[in-house]
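# Sharing a model prediction with you, sequence too.
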There are 2 protein chains.
Amino acid sequence: MKKIGVAILGLGVVGGGTYKILSEHRDFYKKVHGLDITVESVLEINKERAIALGVSESIISTNIAEICSNPDIDIVVEVIGGVEPAKSYVLAALNAGKSVVTSNKELFCKYSHELEKAAKKNNCGLFYEACVCGGIPVIRSLTDNLQGNKITSIMGIINGTTNYILTKMSNEGVTYSEVVKEAQKLGYAEANPSADVEGYDAAYKLSILSSLSFHTKIPFTEVYREGITEIDNTDIKYGKKLGYSLKLLAIGKNSENGIEVRVHPAFINSTHPLASVNDSYNAVYITGDCVEDVMLYGRGAGALPTGSAIVGDIIYCATHEKFNYSTFDNTANCDPATKFITNFESAYYLRLVAQDRTGVLSRVSSVLSKNDISVAQVIQDKVNKQDNTVQLIITTHLTHEKNINKAVKEINSIDGFAKVNSIIRVVS
Amino acid sequence: MKKIGVAILGLGVVGGGTYKILSEHRDFYKKVHGLDITVESVLEINKERAIALGVSESIISTNIAEICSNPDIDIVVEVIGGVEPAKSYVLAALNAGKSVVTSNKELFCKYSHELEKAAKKNNCGLFYEACVCGGIPVIRSLTDNLQGNKITSIMGIINGTTNYILTKMSNEGVTYSEVVKEAQKLGYAEANPSADVEGYDAAYKLSILSSLSFHTKIPFTEVYREGITEIDNTDIKYGKKLGYSLKLLAIGKNSENGIEVRVHPAFINSTHPLASVNDSYNAVYITGDCVEDVMLYGRGAGALPTGSAIVGDIIYCATHEKFNYSTFDNTANCDPATKFITNFESAYYLRLVAQDRTGVLSRVSSVLSKNDISVAQVIQDKVNKQDNTVQLIITTHLTHEKNINKAVKEINSIDGFAKVNSIIRVVS
């Protein structure tokens, strides 16, 4: 029977989950895959944590060189996160001829060129399914199933924490800051939640997904990014009335005009399959020129779901003899010919607080029309007797982002008249 | 650049789609995958059909031996369907050292053992992603992504024709026979629709999916199968009131007690992700012990979506040097130790037409209770004044199939009292 020795770098949530899966499934993998997979070493400074997980003290190491020189180790699993020391460790492992499986989206997003170069040079595999959407088979679906398609669009809910927050806000009418506190208590959100709520995590993942989909390196820095910290319940409520769900969407589009990559909150029609992806679930909706629409849905995070992706990569690595690398020109930067669309088109939802005076709607409409913005729907809510204002909800047809920005600026500049409180893109 | 010569056996819907994709994407595959993929031959008796698709007359063949002896052909795509002559052609191709890509679920379901044996012997690849759910990446998700999991359950809407019919019946209130006629006119249903509407197509696919998931050959003959021909609009209507959607589900479950494989119409809670899979869309909902729940959704049929899966297999075959085969003991029959559960547990929906007399509900309830069936919900509809009957809808908690059958027989045997018109399983 083929023996596969694994080292796990970091025994946090995902490392712990991976250790548990490998230990508990050893006989199953022998029987089903003909592989005897054993954890030969774990790199973990916190010995107690490792021992609490059932790791034998004899295999706990604090020295990457020890792991790299261990001939019993074939595959190194990097689940430390962040750039350093993860990057140095991965390069050391590859240069020692070990294949690497990683869940480190920041590292892979920023340094895939350097890591893949080392992997190729040393004839090693470099696997990163666990970087995007935990256990959902997204990466390999793009590389091994849909690779005959020209992918025109990917649209995803690819951050579980923000989806949990938005679902709670939507279902229970609670405010952003209330839910964040609760999510932190439950361990769904970090003490410093900015990587999630500001959209960085989703932007890393979108950079990886869109590079694979569009066959050119899409640097993280090209991803337009807006988080959910400014989301107001009032807009979720009005959105529902209009038949929309509010989601933090990661959107990548490729057309003759160029490539669009953006992460931002957006309203989506409640009949769209993504609209019913709730709580901490993730989903990626892919459109290809042959396959039409495909959606992949599941648990985007967590010890065992992400461990499932890592173990899937380990078994894949152990059962394939030739390793494939990115189909894009994997330099640090995108092809200089790549054009990024920053003034993209979208439909918009605007919420204005306006003085309850004659002529407000007509004046707002005239500003919009002057900026080539065509109105789709208007809701004017009851007058707030205290300050004599009304909430005015306007949705638009497709228009350019710059037109909206210009119109909003113009409306806001009309003193004491109307103020645009919220601008939310509407995606179909 | 690596050259890959392809032969396509059969230029029907899927063969035509595959030809179109390969022809139109040739430059794209050169650029992105470094592969020059050309169609070197097509096997098609109907020359006119091939020429209409743009196939040059010089590569149209009617002789499989010619294709097998052509050294420019690396991969043979079999999209003829049915057992013969497809089986002989596939075996001839494998024995000539060609890898095979097939969309033929009946052939693969019934003869995977014989075909894989030939593939292994000749060191060839045998790929069948296109057999199940068109362009949706189901097969490779099971073999290359979720293979670290013990899969406990797969549940799918895996036949587009029946899902189209049920969606129409549900949304428009039209009868089964009306929709079938319309679907035939639109080309969504065959002139003889029995393979779809009787559940054979879904059963072939479920046999393949559950064999892969549970790592033992699940012969087609072990799949319990019931079609949708008896479905009455009345039940769809009452189901909606209860919060259910009616779907033709393919269900495979693996537990310590044994394996369940069944295809039948079922009510599913309208909040379940499968409930909103409508029209000709397909989806497979997979539960694994690590990954929890994953759903894969998309176009389950059609020229280009299924062609996408075939071309995905072609490129995979061309970019991998070692081929993997089934992880189950691929003999014609399942492991003799495999236990199949035929008296499975389910919740049930029963619709009775009863005389509007005192004591009917109490008598029905007493029969159910005597048979260990616990009632979950009861709806008694208005009296039909013409014949003095009432519709009585009863849903049950989990119980054994045989208990339901016994109770229904007993109720029906009480003369002139109540008749069970519909029994539909309720799945959660």
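Yep, it's here.
# What residues does the stretch 101-250 of chain A have near chain B?
Neighbours of chain B within the stretch 101-250 of chain A, by CB under 8 Å from any CB of the partner chain: A:129, A:134-137, A:140-141, A:144-150, A:215. C-beta coordinates here come from the backbone N, C-alpha and C atoms, glycine included.
# my bad, should have said the stretch 251-400 of chain A
Taking CB under 8 Å from any CB, the part of the stretch 251-400 of chain A that reaches chain B is made up of A:273, A:276, A:288-299, A:302, A:304-305, A:307-309, A:311-312, A:314-316, A:319-322, A:324, A:327.
# 7 Å - rerun?
When proximity is defined as CB under 7 Å from any CB of the partner chain, the stretch 251-400 of chain A approaches chain B at A:273, A:276, A:288, A:290-299, A:304-305, A:307-308, A:311-312, A:315-316, A:319-322, A:324, A:327.
# Weed out the non-buried ones from those residues.
Listed as buried from those are A:273, A:276, A:288, A:290-299, A:304-305, A:307-308, A:311-312, A:315-316, A:319-320, A:327; burial here means 16 or more other CB atoms under 10 Å in any protein chain shown.
# Distance of residue A:127 relative to chain B?
Distance, residue A:127 to chain B, using CB to the nearest CB, to the nearest Å: 11 Å.
# In space, what's closest to that residue - neighbours in sequence excluded?
Of all residues not flanking residue A:127 in the chain, residue A:313 sits nearest, at 3.7 Å (CB to CB, 6 or more residues apart in numbering or on different chains).
# Now tell me what touches the helix or strand hosting the one you found from outside.
Residue A:313 is part of helix A:303-319, with elements assigned from DSSP states H and E. Outside of helix A:303-319, the residues within contact range by CB atoms under 7 Å, 6 or more residues apart in numbering or on different chains are A:2, A:4, A:6, A:13-14, A:16-18, A:21-22, A:33, A:35, A:37, A:75, A:77, A:99, A:101, A:103, A:125, A:127, A:129-130, A:134-135, A:298-299, B:144-149, B:288, B:290-292, B:324.
# chain center to it: distance?
Its chain's C-alpha centre and that of helix A:303-319 lie 19 Å apart, by CA atoms, centre = their mean, to the nearest Å.
# pull the CA atoms of that helix into PDB?
Extracted as PDB, the C-alpha positions of helix A:303-319 are listed here (Å, rounded to 0.1, in the frame of the first residue of the first chain):
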ATOM      1  CA  ALA A 303     -12.800  23.100  10.700                       C
ATOM      2  CA  LEU A 304     -14.200  20.000   9.000                       C
ATOM      3  CA  PRO A 305     -15.600  21.600   5.800                       C
ATOM      4  CA  THR A 306     -12.300  23.300   5.100                       C
ATOM      5  CA  GLY A 307     -10.500  20.200   6.300                       C
ATOM      6  CA  SER A 308     -12.500  18.300   3.700                       C
ATOM      7  CA  ALA A 309     -11.000  20.400   0.900                       C
ATOM      8  CA  ILE A 310      -7.500  20.000   2.300                       C
ATOM      9  CA  VAL A 311      -7.800  16.200   2.600                       C
ATOM     10  CA  GLY A 312      -9.300  16.200  -0.900                       C
ATOM     11  CA  ASP A 313      -6.200  17.900  -2.100                       C
ATOM     12  CA  ILE A 314      -3.900  15.500  -0.200                       C
ATOM     13  CA  ILE A 315      -5.600  12.500  -1.800                       C
ATOM     14  CA  TYR A 316      -5.600  14.100  -5.200                       C
ATOM     15  CA  CYS A 317      -1.900  14.900  -4.800                       C
ATOM     16  CA  ALA A 318      -1.200  11.300  -3.800                       C
ATOM     17  CA  THR A 319      -3.200   9.800  -6.700                       C
END
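# model confidence over stretch A:121-128, on average?
Confidence over stretch A:121-128 (mean pLDDT, whole number) is 97.
# cool, stretch A:61-77 as well?
For stretch A:61-77, the per-residue pLDDT averages 97.
# Using neighbour counts, pick out the buried residues of it.
Residues of stretch A:61-77 classed as buried: A:61, A:64, A:67-68, A:70, A:73-77 (neighbour count, 16+ other CB under 10 Å).
# which of these lies closest to residue A:179?
If you rank those by distance to residue A:179 using CB to CB, residue A:77 comes first, at 32.8 Å.
# For the closest one, what are phi and psi?
Backbone torsions of residue A:77, given as degrees, to the nearest 10, read phi -100, psi 120.
# Mind listing the residues bridging to it?
Applying DSSP bridges to residue A:77 gives these bridge partners: residue A:8, residue A:101.
# surely it meets residue A:6?
Yes. When contacts are counted by CB atoms under 7 Å, residue A:77 is listed as touching residue A:6 (6.1 Å).
# Residue A:211 contacts residue A:219, correct?
No. Contact criterion CB under 7 Å: residue A:211 and residue A:219 do not qualify, at 8.7 Å.
# if we can go back for a sec, show me which of the contacts of helix A:303-319 are buried.
Neighbour-count burial (16+ other CB under 10 Å) applied to the contacts of helix A:303-319 gives A:4, A:6, A:13-14, A:16-18, A:21-22, A:33, A:35, A:37, A:75, A:77, A:99, A:101, A:103, A:125, A:127, A:129-130, A:134-135, A:298-299, B:144-149, B:288, B:290-292.
# Let's see which of those residues end up in helices.
A:13-14, A:16-18, A:21-22, A:33, B:144 (DSSP state H).
# and these, which two are the farthest apart?
Farthest-apart pair in these is A:13 and A:33; separation 25.2 Å (CB to CB).
# what separates residue A:208 from residue A:138, distance-wise?
Applying CB to CB, to the nearest Å, the value for residue A:208 to residue A:138 is 9 Å.
# still on that earlier bit, and residue A:211 and residue A:219? which has more neighbours close in?
When neighbours are counted by other CB atoms under 10 Å in any protein chain shown, residue A:211 and residue A:219 differ, and residue A:211 comes out ahead with 26 against 17.
# Okay, and the more buried one sits in which element?
Residue A:211 belongs to helix A:200-214 when assigned by DSSP H and E.
# who's in contact with that helix?
By CB under 7 Å, 6+ apart, the list of residues contacting helix A:200-214 from outside reads A:105-106, A:108-109, A:131-132, A:138-139, A:142-143, A:151, A:154, A:158-159, A:195, A:217-220, A:223, A:225, A:248, A:250, A:252, A:254, A:259, A:261, A:263, A:328.
# From the contact counts, what lies against the host helix or strand of residue A:154?
For residue A:154, the host element (DSSP H and E) is strand A:151-157. Helices and strands touching strand A:151-157, by 3 or more CB pairs under 7 Å, 6 or more residues apart in numbering or on different chains; DSSP states H and E, are helix A:200-214, strand A:244-255, strand A:281-288.
# just those: most buried one?
Comparing these by mean neighbour count (mean count of other CB atoms under 10 Å in any protein chain shown), helix A:200-214 ranks first with a mean of 26.
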